[in-house]
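J.: below are the sequence and a predicted model; questions follow.
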Amino acid sequence: MTNTLLILPGDGIGPEVMAEVTRIIDWFGARRGLKFDVSEDLVGGAAYDVHGVPLADATMARAQEVDAVLLGAVGGPKYDALDFSVKPERGLLRLRKEMDLFANLRPAQCFDALADFSSLKRDVVSGLDIMIVRELTSGVYFGEPRGIFEEKDERVGINTQRYTESEIDRVARAAFELARKRGNKVCSMEKANVMESGILWREVVQRVHDADYPDVELSHMYADAGGMQLCRWPKQFDVIVTDNLFGDLLSDVAAMLTGSLGMLPSASLGAPMANGRPKALYEPVHGSAPDIAGQGKANPCACILSFAMALRYSFDRGDEATRLERAVEKVLADGVRTADLMQAEGATPVSTSGMGDAILAALDASL
Ligand code: NAD
Ligand code: IPM
Ligand code: MN
């Protein structure tokens with residue numbers, strides 16, 4: 001089977017971190033015989049500049065065909081004043097929606113070498129390994145009605161939180177399946193105390209559990225309390241399953257447990273395609289980081305680890321994914337740091353490509 005990849009570097013630091021991923025992909029081709037048929041295209045502001053839209057139809061069509069899409073980041077101040085319908089972020093949202101990528105896997109793993117870098121104490125975060133499963137195609141991100149409307153003598157902004165039973169059912173199954181391969185525990189988070197969609201969420205997750213996953217330990221938590229527990233004692237969690245907006249917030253909270261947004265990868269998975277592989281998009285959790293774009297300061301690890309997730313979930317090469325994750329771990333243990341991972345004044349960070357060099361050297365050493 002051929003391995004097809006569509007690379008969408010996007011905006012800001014997106015192209016900078018993706019350049020390092022491209023070198024890693026080439027390494028796997030040359031040294032591990034893992035060949036990828038790679039194409040590259042535009043998304044976000046970069047696509048808007050050329051096409052007047054943040055995702056061209058031809059790019060969307062290509063994304064539907066490939067085994068995996070790898071995305072850098074979208075957005076930036078240059079595009080802040082654009083009409084909402086053509087903002088860079090809408091390109092990403094279109095990919096998620098039209099590919100029907102309902103299960104967004106956001107692992108938060110604390111590399112031991114970075115445990116002192118977290119804003120929490122070492123013993124709270126060391127060895128941390130949790131997986132947030134965020135529903136990605138529905139909820140308040142896409143619910144109708146939405147818009148800014150005239151009402152009497154003022155305007156009103158409306159978004160709608162909406163979940164169907166089948167949407168909750170499928171993401172719950174994804175979470176239970178993952179839990180079985182990990183710590184066998186799922187905590188579902190919503191706000192059933194104030195939202196009807198939360199009541200339905202809790203009921204459906206419990207029903208899926210009782211019918212098909214009774215062997216997995218399930219608990220429920222209000223999402224606000226979940227945020228608090230994530231900061232208090234995150235190691236109580238294994239898999240967290242939650243909706244689109246709560247998942248967005250909680251995964252940024254989890255990011256800080258691990259030290260830097262620059263470390264966190266993600267996978268967004270949909271239904272299996274004809275070849276049995278799931279529809280899939282991989283991207284770092286961070287954005288385009290306009291404050292450091294163009295300066296060679298960005299940490300490429302989140303994007304590189306996103307490619308590791310692609311090896312595992314799209315290309316069935318968990319062994320090579322682990323090789324890449326270990327290489328990143330080794331480089332961190334050796335003290336190689338981009339600026340976002342520095343604490344001490346006066347120490348010298350490596351550049352984006354310097355981090356790439358170190359990871360490639362660690363990969364060579366792994367053979
Ligand atoms: P951001 O993630 O871009 O940046 C937040 C902070 O983290 C910044 O200080 C940045 O310098 C730092 N940071 C992020 N990634 C880093 C990396 N790899 N290495 C070192 N430091 C890193 O979030 P923001 O500033 O809220 O958003 C900026 C733009 O990105 C906005 O337009 C936003 O909509 C967009 N955004 C895009 C995505 C995406 O493409 N998936 C995700 C989040 C935000
Ligand atoms: C993320 C981002 C996106 C989201 C934006 C850029 C649309 O914050 O991937 O976490 O809100 O989902
Ligand atoms: Mn986010």
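T.: Now that the structure is in, tell me what you want to look at. Ligands and ions are numbered 1, 2, ... in the order given.

J.: extract the CA atoms of stretch 232-250 and return them as CSV.
T.: Only the C-alpha atoms of stretch 232-250 are listed here, as CSV (Å, rounded to 0.1, in the frame of the first residue of the first chain):
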residue,chain,number,x,y,z
ARG,A,232,-4.6,19.7,41.4
TRP,A,233,-3.7,16.1,40.6
PRO,A,234,-3.6,15.3,36.9
LYS,A,235,-2.3,11.8,37.3
GLN,A,236,-5.8,10.7,38.5
PHE,A,237,-6.8,10.7,34.8
ASP,A,238,-6.1,8.3,31.9
VAL,A,239,-8.5,9.2,29.1
ILE,A,240,-10.8,12.3,29.3
VAL,A,241,-13.6,12.5,26.8
THR,A,242,-15.4,15.9,26.4
ASP,A,243,-17.1,18.1,23.9
ASN,A,244,-15.6,20.5,21.4
LEU,A,245,-15.3,23.7,23.4
PHE,A,246,-14.5,22.1,26.8
GLY,A,247,-11.9,20.0,25.0
ASP,A,248,-10.4,23.1,23.5
LEU,A,249,-10.0,24.7,26.9
LEU,A,250,-9.0,21.6,28.9
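
J.: so the nearest residue to residue 313 once chain neighbours are set aside bridges to which residues?
T.: Once flanking residues are discounted, residue 313 sits nearest to residue 267: 5.3 Å by CB to CB, 6 or more residues apart in numbering. To be clear about C-beta, it is placed using only N, CA and C from the backbone, and glycine gets the same treatment. Beta-bridge pairing for residue 267 (DSSP bridges): residue 105, residue 282.

J.: for residue 267, give me its contacts.
T.: 104, 105, 280, 281, 282, 306, 309, 310, 313 (CB atoms under 8 Å, 6 or more residues apart in numbering).

J.: from ligand 2, how far out is it?
T.: Distance of residue 267 to ligand 2, computed by CB to the nearest ligand atom, to the nearest Å: 12 Å.

J.: what's the pLDDT at that residue?
T.: Listed pLDDT for residue 267 reads 98.

J.: same check on residue 347?
T.: The predicted local confidence for residue 347 is 74.

J.: what of the one 3 residues further on?
T.: The model reports residue 350 with a pLDDT of 97.

J.: hang on, it packs against residue 359?
T.: No: the criterion here is CB atoms under 8 Å, and residue 350 misses it with residue 359 at 10.6 Å.

J.: pick out whichever of those two has more residues nearby.
T.: Neighbours were counted for residue 350 and for residue 359 using other CB atoms under 10 Å; residue 359 has more, 24 against 20.

J.: next, the contact list for the residue in the stretch 151-300 of the chain positioned nearest to ligand 1, please.
T.: Closest residue of the stretch 151-300 of the chain to ligand 1, CB to the nearest ligand atom: residue 287 (2.4 Å). Each residue near residue 287 by CB under 8 Å, 6+ apart is listed here: 12, 73, 74, 75.

J.: before we move on, back to that, how close does the residue nearest to residue 313 get to residue 188?
T.: With distances taken as CB to CB, to the nearest Å, residue 267 is found 20 Å from residue 188.

J.: which elements pack onto the longest helix along the chain?
T.: Longest helix in the chain by number of residues (criterion: DSSP state H): helix 14-32. Using 3 or more CB pairs under 8 Å, 6 or more residues apart in numbering; DSSP states H and E as the contact test, the elements touching helix 14-32 are strand 4-10, strand 68-73, helix 301-313, helix 318-333, helix 352-365.

J.: got the buried residues for that helix?
T.: Buried residues in helix 14-32, defined by neighbour count with 16 or more other CB atoms under 10 Å: 14-25, 27-28.

J.: quick check: closest non-adjacent residue to residue 195.
T.: residue 161 (6.5 Å).

J.: list phi and psi for the one you found.
T.: phi -90, psi 120 (degrees, to the nearest 10).

J.: re earlier: and which of the buried residues of helix 14-32 is nearest to ligand 2?
T.: Ranked by distance to ligand 2 (CB to the nearest ligand atom), these are led by residue 14 at 11.5 Å.

J.: spit out the contact partners of the nearest residue to the closest one once chain neighbours are set aside.
T.: Take residue 14 and drop its neighbours on the chain: the residue closest to it by CB to CB, 6+ apart is residue 72, 2.6 Å away. Going by CB under 8 Å, 6+ apart, residue 72 touches 8-11, 13-15, 17-18, 283-284, 288, 303.

J.: tell me the secondary structure at the closest residue to ligand 2 within the chain.
T.: Residue nearest to ligand 2 within the chain (CB to the nearest ligand atom): residue 89, separated by 4.0 Å. Of the three states, residue 89 takes helix under DSSP: H, G, I helix; E, B strand; the rest coil.

J.: helices of the stretch 51-200 of the chain, start to end?
T.: For the stretch 51-200 of the chain, the helices defined by DSSP state H, counting those that start in this stretch occupy 57-65, 88-98, 122-125, 165-180, 196-212.

J.: how about TSV for those, with mean neighbour count and mean pLDDT added?
T.: Shown next, in TSV, are those (neighbours: other CB atoms under 10 Å; pLDDT from 0 to 100):
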stretch	mean neighbour count	mean pLDDT
helix 57-65	15	98
helix 88-98	21	97
helix 122-125	16	93
helix 165-180	20	98
helix 196-212	17	98
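
J.: now those as CSV including distance to residue 150?
T.: Compiled in CSV, the helices of the stretch 51-200 of the chain are given as follows (distance: least, CB to CB, whole Å):
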stretch, distance to residue 150
helix 57-65, 33
helix 88-98, 23
helix 122-125, 49
helix 165-180, 31
helix 196-212, 27
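
J.: circling back to that earlier point, and the residue of the stretch 151-300 of the chain closest to ligand 1, what element?
T.: Using DSSP states H and E, residue 287 sits in no helix or strand.
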